[in-house]
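Enquirer: Requesting a structural model of the entry that follows:
(2 chains)
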Number of protein chains: 2
Amino acid sequence: MVDIAVIGGGPAGLSAAINGTQRNKSVTVFGRGIESSFIYKAEDVDNYLGMPHVSGADMMKAFHQHAVSKGVLFQEGRVLQIFPMGESFTINVENEFYEAKTIVLAIGLPRVKAIKGEEALLGKGVSYCATCDGMLYRRKPVVVVSDSEEGVNDANFLNEICEKVTYIVRKAGEQEKNLHKNIEVIESRPTEVLGREVVSGIRVGERQIDCKGIFFIRETAPINSLLAGLEMEDSAIKVNRFMETNVPGVFAAGDCTGRPYQVSKAVGEGLIAGQQAVKVLSDKVN
Amino acid sequence: MVDIAVIGGGPAGLSAAINGTQRNKSVTVFGRGIESSFIYKAEDVDNYLGMPHVSGADMMKAFHQHAVSKGVLFQEGRVLQIFPMGESFTINVENEFYEAKTIVLAIGLPRVKAIKGEEALLGKGVSYCATCDGMLYRRKPVVVVSDSEEGVNDANFLNEICEKVTYIVRKAGEQEKNLHKNIEVIESRPTEVLGREVVSGIRVGERQIDCKGIFFIRETAPINSLLAGLEMEDSAIKVNRFMETNVPGVFAAGDCTGRPYQVSKAVGEGLIAGQQAVKVLSDKVN
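Expert: Numbering: from 1, shown residues only, chains lettered A, B, ... in the order given. Below you'll find the predicted structure:
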């Protein structure tokens, strides 16, 4: 059981993490590598005080190095869901489960929204994890909606066990060249998950593709399915000045709490969220 | 007329400043040198993301260097008072006056409170500036209450023109050795300014010292006399999530807005305050 689970390894998450270890709490950062952080691709950042004219990549490397030097642990993988369990939380990372006493959500800009029908049919044909649920669709037609570089691997894996795999991506890139030749690729965005009790298909533009399973492979799960009951405001996670969300023991920091989408703001909020998580942990002990 | 006047050159002020110049606004930082920032004396700071194990002095030098590289201007001096003038503000820095369109207060932890009677008799014997008002007390007895290294210079200056100078300091240090031998030194804290219409004396412990003028020489003026009508909450400047105070065009950031007193929080709030000042300036133009 870790004291603080930080979801997301961008500036906000790493700032929360170092401020947790600074006060002798165990901290694990869950997420993809630093390359997946939005800021990593920035050519030049010049408004994070003390680090003039730095590339996003160099900045993230310095941030990550700082966190490593302070004993922060890292767990790679896409966080699919967080379950409040009373005194602690269970975190589902693909097909692994972890326990934590407190949570800091630092998941960045919620770039994805669940599409129509997706939430209603989650677990009834809609899945966020091919390795977890793939076998349920053996010898059946499935669709992979890919928003992550893992989409290609997942599609190839499903291709070995399913009847047919259709792969939907906004724009096929270099990595899509590694898709098995039997996989049909559609460059588009789906608009609706079809089906009443269970999934029967997916709508993409004018087309309707029949299938039994749909795998949404995204960097981050849509917030509304990540943690049930989490209160939002203007499509950002609602927080107070202590970075507390409406769910006790869950804090949020960085782009996911709203504008401005800036490193300094994320780092400042991460500090507050991390220190506040420490406070909650200390209050429990005393 | 400067676009943004930042009061205070600590982490919050410098972050606000670089985010103003980043968007092509003219910014002047008013305050004492970087050595006067609270963080400057910190031995080791290890929780500002990306700058592991750095001394407060080295950190402030890097921050200051960053601001200089971005064209931020600096004006040394103690800011005594800010006057809203409708579309702009007048800033009284000792015996100079400056104009600015917007204000960012980044004055750090309000370590000083006005003592009893001080506010009521401000301008009626109570002064914050020896070079400004000293001549009013020619050949009269005065008291200098010193909380700043400038106190010694000011007392020596007053000693040349006043009948008698009494110097009150919490604890005399190295610099107090430079006081003229005619100046009486009292190591204590005064508790009350005495007088009805005008100053008649000051209370220090059991003692009562008769005088016509009292000079409070502090790093920062007490907030309540710095800007009239500024709303406070729990002895911090009250701000919303955009770092707006209750006075239009005036923002606040850093320790002066409340806990946690941490560099990351100050830098994050400084960014928001700076960007919000830019927004107000742009809205005025359009």
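Enquirer: if I look at the nearest residue to A:Gln175 once chain neighbours are set aside, how far off is B:Ser15?
Expert: Once flanking residues are discounted, A:Gln175 sits nearest to A:Val152: 5.1 Å by C-beta to C-beta, 6 or more residues apart in numbering or on different chains. From N, CA and C alone the C-beta is placed, and that goes for glycine too. Separation of A:Val152 from B:Ser15 (C-beta to C-beta, to the nearest Å) stands at 41 Å.
Enquirer: more neighbours, those two?
Expert: B:Ser15 (35 against 24; other C-beta atoms under 10 Å in any protein chain shown).
Enquirer: what sits against that one?
Expert: The contact partners of B:Ser15, taken as C-beta atoms under 8 Å, 6 or more residues apart in numbering or on different chains, are A:Asn47, A:Leu49, A:Ser264, B:Ala253, B:Ala266, B:Val267, B:Gly268, B:Glu269, B:Gly270, B:Leu271, B:Gly274.
Enquirer: For chain A, which residues are neighbours of chain B?
Expert: Contact residues, chain A versus chain B (C-beta under 8 Å from any C-beta of the partner chain): A:11, A:14-15, A:18-19, A:22, A:46-52, A:59, A:62-63, A:65-67, A:69-70, A:241, A:260, A:262, A:264-272, A:275.
Enquirer: Give me the buried entries from these.
Expert: A:11, A:14-15, A:18-19, A:22, A:47-52, A:59, A:62-63, A:66-67, A:70, A:260, A:262, A:264-272, A:275 (16 or more other C-beta atoms under 10 Å in any protein chain shown).
Enquirer: before we move on, back to that, check what pLDDT the residue nearest to A:Gln175 gets.
Expert: Looking at A:Val152, its pLDDT reads 94.
Enquirer: and the gap between it and A:Gly125?
Expert: As judged by C-beta to C-beta, A:Val152 and A:Gly125 stand 22 Å apart.
Enquirer: Setting aside sequence neighbours, what's the nearest residue to the residue of the stretch 151-286 of chain A found nearest chain B?
Expert: Going by C-beta to the nearest C-beta, chain B is nearest to A:Gly268 of the stretch 151-286 of chain A, at 2.0 Å. Take A:Gly268 and drop its neighbours on the chain: the residue closest to it by C-beta to C-beta, 6+ apart is B:Gly268, 2.0 Å away.
Enquirer: where's the closest residue to A:Val250 other than its chain neighbours, which helix or strand?
Expert: Leaving aside its sequence neighbours, A:Val250 sits nearest to A:Ile103 (C-beta to C-beta, 6+ apart; 4.6 Å). Taking DSSP states H and E as the definition, A:Ile103 sits inside strand A:96-105.
Enquirer: Show me the contact partners of stretch A:242-254.
Expert: By C-beta under 8 Å, 6+ apart, stretch A:242-254 touches A:8, A:10-13, A:15-16, A:82, A:84, A:89, A:101-108, A:227, A:229-231, A:237-239, A:257, A:265-266, A:269-270, A:272-274, A:276-277, A:280.
Enquirer: ok so, going back, can I assume the residue nearest to A:Gln175 is in contact with A:Asn178?
Expert: Yes - with contact taken as C-beta atoms under 8 Å, A:Val152 and A:Asn178 are classed as touching, separated by 5.4 Å.
Enquirer: Dihedrals phi and psi, A:Glu233?
Expert: Here the main-chain torsion angles of A:Glu233 (degrees, to the nearest 10) amount to phi -150, psi 120.
Enquirer: dump the residue contacts of the nearest residue to it once chain neighbours are set aside.
Expert: Closest residue in space to A:Glu233, ignoring its immediate chain neighbours: A:Gly258 at 7.7 Å, by C-beta to C-beta, 6+ apart. Contacts for A:Gly258 (C-beta under 8 Å, 6+ apart) come out as A:Glu233, A:Asp234, A:Ala236, A:Ile237.
Enquirer: Provide a PyMOL selection command restricted to the buried entries of those.
Expert: Buried residues within those, by 16+ other C-beta under 10 Å, are selected in PyMOL with:
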select buried, chain A and resi 236+237
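Enquirer: Out of the contacts of A:Gly258, show me where the pLDDT dips lowest.
Expert: In terms of pLDDT, A:Asp234 ranks lowest among the contacts of A:Gly258, with 84.
Enquirer: so who does that one touch?
Expert: A:Gly258 are the contacts of A:Asp234 under C-beta under 8 Å, 6+ apart.
Enquirer: Would you map the helices across chain A?
Expert: Remark: helices assigned in chain A by DSSP state H are A:11-21, A:56-69, A:130-133, A:150-161, A:223-226, A:263-285.
Enquirer: ok now the least confident helix or strand in chain A by mean pLDDT, how far from the chain's centre?
Expert: Within chain A, no helix or strand scores below helix A:223-226, which has a mean of 81 by mean pLDDT, DSSP states H and E. Counting by C-alpha atoms, centre = their mean, to the nearest Å, helix A:223-226 is centred 9 Å from the centre of its parent chain.
Enquirer: Could you pull out the buried residues of that helix?
Expert: Here helix A:223-226 shows A:Ile223, A:Ser225, A:Leu226 as buried, counting by 16+ other C-beta under 10 Å.
Enquirer: What of stretch A:103-117?
Expert: For stretch A:103-117, by 16+ other C-beta under 10 Å, it's A:Ile103, A:Val104, A:Leu105, A:Ala106, A:Ile107, A:Gly108, A:Leu109, A:Pro110, A:Ala114, A:Ile115, A:Gly117.
Enquirer: Distance-wise, check the second one relative to chain B.
Expert: Which is A:Val104. 14 Å (C-beta to the nearest C-beta, to the nearest Å).
Enquirer: so what's that residue up against?
Expert: With C-beta under 8 Å, 6+ apart, A:Val104 has these contacts: A:4-7, A:13, A:16-17, A:250-253, A:270, A:273-274, A:277.
Enquirer: next one: phi and psi at the residue nearest to the spatial centre of chain A?
Expert: Closest to where the C-alpha atoms of chain A average out (C-alpha atoms, centre = their mean) is A:Thr220, at 2.5 Å. Backbone torsions of A:Thr220, given as degrees, to the nearest 10, read phi -130, psi 140.
Enquirer: Check which residues of the strand holding A:Ile103 are buried.
Expert: A:Tyr98, A:Ala100, A:Lys101, A:Thr102, A:Ile103, A:Val104, A:Leu105.
Enquirer: Throw those into CSV and include distance to A:Cys129 and pLDDT, thanks.
Expert: Converted to CSV, these look like this (distance: C-beta to C-beta, whole Å; pLDDT from 0 to 100):
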residue, distance to A:Cys129, pLDDT
A:Tyr98, 15, 97
A:Ala100, 19, 98
A:Lys101, 25, 98
A:Thr102, 24, 98
A:Ile103, 20, 98
A:Val104, 23, 98
A:Leu105, 19, 97
